[in-house]
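**Student:** Sharing a model prediction with you, sequence too.
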Amino acid sequence: MMLSPLMVLAQNQKECYNTVQFCPVGKRMGFTRNMQSHSGAFEMGDTSVVTIVVYKGMEYRFSLCSPSHPELNGSFEFKITENLTEAAWEDVVTYVEEPVYDEDGFEDGVKKVAKTTKKRVYNKVEQIWYDNTEDEMSQDFIFQSRSTRKLNIKVYLPEGGESDMSSGLSGSTYACVGLLIEHQPGIVSGFSR
C-alpha cells in the first residue's frame with residue numbers, strides 16, 4: 001500500500017518524460033539546449049525547485065511550457081534565486097563561577113556571572129534575482145552570468161483548471177511541464193588583449 005503513491009508518481013513522470021523537447025527553442029537567437037533542462041508532472045498548485053549551475057561569461061535563456069496543456073502557457077510563475085552566505089557577529093553568553101567574599105575577606109560561596117563574547121557566524125540568505133510576477137508573467141528570461149554559481153529555479157503551477165488536466169493512475173490530475181534551459185557564449189565588452 002505504501003508503494004502505491006510512489007508507483008503513481010513514477011508513472012506520471014514516465015508519461016512526462018522529455019516534455020522539454022516540445023518547448024519552443026531560441027535557435028534564431030543563437031541559443032543551444034542545455035542538458036540541465038527538466039521535464040516533470042505537476043499537479044495544480046504544485047511547486048518544484050531545480051538547482052542548476054551557470055558559468056561565468058555565458059548567456060542563458062530559461063523558459064517554461066506545457067505542450068500537452070497549452071492553456072497553461074503564460075500562467076506559470078517562476079523565480080530565480082541564489083543562496084548567498086553572509087557573515088555576521090553573534091553575541092555568545094557564557095556563565096562563569098566567581099567566588100563571593102564576605103566582609104572579612106573570607107570566601108562565602110560562588111556566584112555565576114554572565115560573560116559575553118562575540119562569535120563570527122555565517123548564515124545562508126536567499127537572494128531573489130528574478131520573479132516573473134514582477135515582469136508581466138513573462139514565460140522566459142535571458143541573462144548573462146558574471147560568475148560561476150548555483151542558482152535555484154522555483155516553478156509554481158497555478159491553481160484551477162483541473163477539469164482539463166490528464167488523469168493518471170491515481171485519479172489525480174496533472175500536467176506535463178518543461179523547463180527549457182539554453183545557453184550561448186556571452187557578449188564580451190571592452191577591448192580584447
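**Tutor:** Okay, I see it. No experiment lies behind these values; they were computed from the predicted model shown.
**Student:** where does the chain dip in pLDDT?
**Tutor:** In the predicted model of the chain, residues 1-14, 160-172, 190, 192-193 satisfy pLDDT under 70.
**Student:** can you pull out the helices in it?
**Tutor:** With helices called from DSSP state H, the chain shows them at 3-15.
**Student:** most centrally placed residue in it?
**Tutor:** Among the residues of the chain, the one closest to the centroid is N152, at 2.8 Å (Cα atoms, centre = their mean).
**Student:** residues in contact with that one?
**Tutor:** Taking Cβ atoms under 8 Å, 6 or more residues apart in numbering as the definition of contact, the neighbours of N152 are 49-51, 80-83. Every residue, glycine included, has its C-beta placed from N, CA and C.
**Student:** Please determine how far it is located from Y130.
**Tutor:** As for N152, its distance to Y130 is 11 Å (criterion: Cβ to Cβ, to the nearest Å).
**Student:** hey, what's in contact with both of these two?
**Tutor:** For the pair N152 and Y130, residues contacting each of them under the criterion Cβ under 8 Å, 6+ apart are I80.
**Student:** Please name the nearest non-neighbouring residue to Y60.
**Tutor:** Leaving out its chain neighbours, the residue that sits closest to Y60 by Cβ to Cβ, 6 or more residues apart in numbering is H183, at 5.3 Å.
**Student:** surely that neighbour meets V53?
**Tutor:** No: distance between H183 and V53: 11.0 Å, which falls outside the contact criterion (Cβ atoms under 8 Å).
**Student:** Name the residues contacting each of these two.
**Tutor:** Both H183 and V53 lack any common contact, where contact means Cβ under 8 Å, 6+ apart.
**Student:** higher neighbour count, the two?
**Tutor:** When neighbours are counted by other Cβ atoms under 10 Å, H183 and V53 differ, and H183 comes out ahead with 19 against 11.
**Student:** Look up how far N83 lies from the more buried one.
**Tutor:** In this structure, H183 lies at 22 Å from N83, with Cβ to Cβ as the measure.
**Student:** Repeat that for Y60.
**Tutor:** In this structure, Y60 and N83 are separated by 18 Å, where distance is defined by Cβ to Cβ.
**Student:** between these two, which one's more packed in?
**Tutor:** When neighbours are counted by other Cβ under 10 Å, Y60 and N83 differ, and Y60 comes out ahead with 22 against 13.
**Student:** residues in contact with that one?
**Tutor:** Contact partners of Y60, counting by Cβ under 8 Å, 6+ apart, are 34, 54, 142-145, 181-183.
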